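Asker: sequence first, predicted model second:
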Amino acid sequence: MSNLQVSIYRYNPETDAAPYMQEFQVDTKGRDVMVLDVLHLMKEQDSSLAFRRSCREGVCGSDGMNMNGRNGLGCITPLSEVVKNGKLVLRPLPGLPVIRDLVVDMAMFYKQYERIQPYLQNDEPEPAIERLQSPEDREKLDGLYECILCACCSTACPSFWWNPDKFVGPAGLLQSYRFLADTRDTATRERLSDLQDPFSVFRCRGIMNCVAFCPKGLNPTRAIGKIREMLLADAT
Amino acid sequence: MVTSITSFSRNGVSDWLMQRVSAAVLAVYTVFMVAYLLFHPDLDYYTWSGLFEHTWMRIFSLLAFISLAAHAWVGLWTVTTDYLKSTYQRVGAQMLIILVIFVYLVWGIQLLWGA
């Protein structure tokens, strides 16, 4: 027997007065499976358990959750990486309203993403075929475009917990810099002028939780530093 | 763009720059003070007040006081906007902090140039 003890956050606002932790014993048959696999085994025991999942290979970003205190994607996190003393504690991503069990309301997260206008803006006449970019300029987008918007970084950020309506958050700012750094984008000045207040960018205190938890290994803190440099260069 | 009217300069870039510059000034002032005290183990009142007779020391000290005031305003304003969710509590705390900073700053100027 290789039983894993799992403690999971349960909350159904229609029937529960308050959230509670439910205990499960899961037989993993001694294999080092992913946390998402464990969730499926648990759902066989209790079909009322709710969580999001889709691609199950770290591409869609649906199953961001808090595993033993660390944010990450359940589908690409093996038990050996998170389980301590044979125990696994699963909670929803911190700081967002819970819809049910591990399912959180990501409206605030997407609102901040929408605010940074995550699309290319160019007011120059359209070329006949396509807007070309040198390989060197294209390289500037590496480490930025790979974000899958799983929200593991923003929901690990205390600045985003306290001011999710004002601070853009690491995920939004990484994407903001992705368009600020794009040589084909001509709205740089407008983008910067929307970020110069004391909250949108500057609420970042550089604690780097975002870097520690990004399942894609990206570095939002570095992108935020670059935005600060651009703001400073533009304003002085 | 998020509007804020009680932050130090109402502009994030300016507040951020002020926070960095004032931190550098305070670091230099602290190093100077610690070094001065280490080199004067038997410090008496006349040596100490003699130091503050120099105009450069008064300018240096005033610069440090103003830096401390700006640094505290930016920093504590940030703390209040993070943790105080009730508008009355937050605005009240901000006004109190600004008042205290103002009093200390004027008192500091009086100490330097009053005598």
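Answerer: That came in fine, so what should we check first?
Asker: what residues does chain B have near chain A?
Answerer: B:1-4, B:7, B:10-17, B:77-78, B:81-83 (C-beta under 8 Å from any C-beta of the partner chain). In this view, the C-beta of every residue, glycine as well, is placed from N, C-alpha and C.
Asker: how does it look with 7 Å?
Answerer: With C-beta under 7 Å from any C-beta of the partner chain as the criterion, chain B meets chain A at residues B:1-4, B:7, B:11-13, B:15-17, B:81-83.
Asker: give the buried residues for the helix or strand A:Ile224 falls within.
Answerer: Element membership for A:Ile224 (DSSP states H and E) is helix A:220-235. The neighbour-count check on helix A:220-235 (16 or more other C-beta atoms under 10 Å in any protein chain shown) flags A:220-221, A:223-224, A:226-228, A:230-231 as buried.
Asker: so what's A:Asp101 up against?
Answerer: Residues near A:Asp101 by C-beta atoms under 7 Å, 6 or more residues apart in numbering or on different chains: A:9-11, A:49-51.
Asker: for it, which non-adjacent residue is closest in space?
Answerer: Nearest non-adjacent residue to A:Asp101, counting by C-beta to C-beta, 6 or more residues apart in numbering or on different chains: A:Ala50, 4.1 Å away.
Asker: measure A:Cys214 to B:Leu112 for me?
Answerer: Relative to B:Leu112, A:Cys214 is positioned 50 Å away (C-beta to C-beta, to the nearest Å).
Asker: quick check: beta-bridge partners of the closest residue to A:Leu96 other than its chain neighbours?
Answerer: Nearest non-adjacent residue to A:Leu96, counting by C-beta to C-beta, 6+ apart: A:Val104, 4.0 Å away. Note on A:Val104: beta-bridge partners by DSSP bridges are A:Val98.
Asker: now do the residue lying farthest from the centre of chain A against chain B, distance only.
Answerer: Most distant residue from the mean C-alpha position of chain A: A:Ala128, 37.4 Å away (C-alpha atoms, centre = their mean). A:Ala128 is 37 Å from chain B, where distance means C-beta to the nearest C-beta, to the nearest Å.
Asker: so which helix or strand takes in B:Ala70?
Answerer: Counting by DSSP H and E, B:Ala70 is part of helix B:55-83.
Asker: equivalent analysis for A:Ser80, please.
Answerer: For A:Ser80, the host element (DSSP H and E) is helix A:79-82.
Asker: residues in contact with the helix or strand just after that helix: which ones?
Answerer: Per DSSP H and E, helix A:79-82 leads on to strand A:87-91 as the next helix or strand towards the C-terminus. With contacts defined as C-beta under 7 Å, 6+ apart, strand A:87-91 is touched by A:4-9, A:38, A:65-68, A:82, A:102.
Asker: tell me the helix or strand right after the one helix or strand A:Val26 maps to.
Answerer: Using DSSP H and E, A:Val26 sits within strand A:20-27. Note on strand A:20-27: by DSSP H and E, the next helix or strand toward the C-terminus is helix A:35-45.
Asker: elements contacting that following helix?
Answerer: Using 3 or more C-beta pairs under 7 Å, 6 or more residues apart in numbering or on different chains; DSSP states H and E as the contact criterion, the elements in contact with helix A:35-45 are strand A:3-10, strand A:20-27, helix A:79-82.
Asker: which of the residues of chain B next to chain A sits closest to B:Ile59?
Answerer: B:Leu17 (21.4 Å; C-beta to C-beta).
Asker: before we move on, which element is the most centrally placed residue in chain A in?
Answerer: Closest to where the C-alpha atoms of chain A average out (C-alpha atoms, centre = their mean) is A:Ala151, at 1.9 Å. Under the assignment given by DSSP H and E, A:Ala151 is not contained in any helix or strand.
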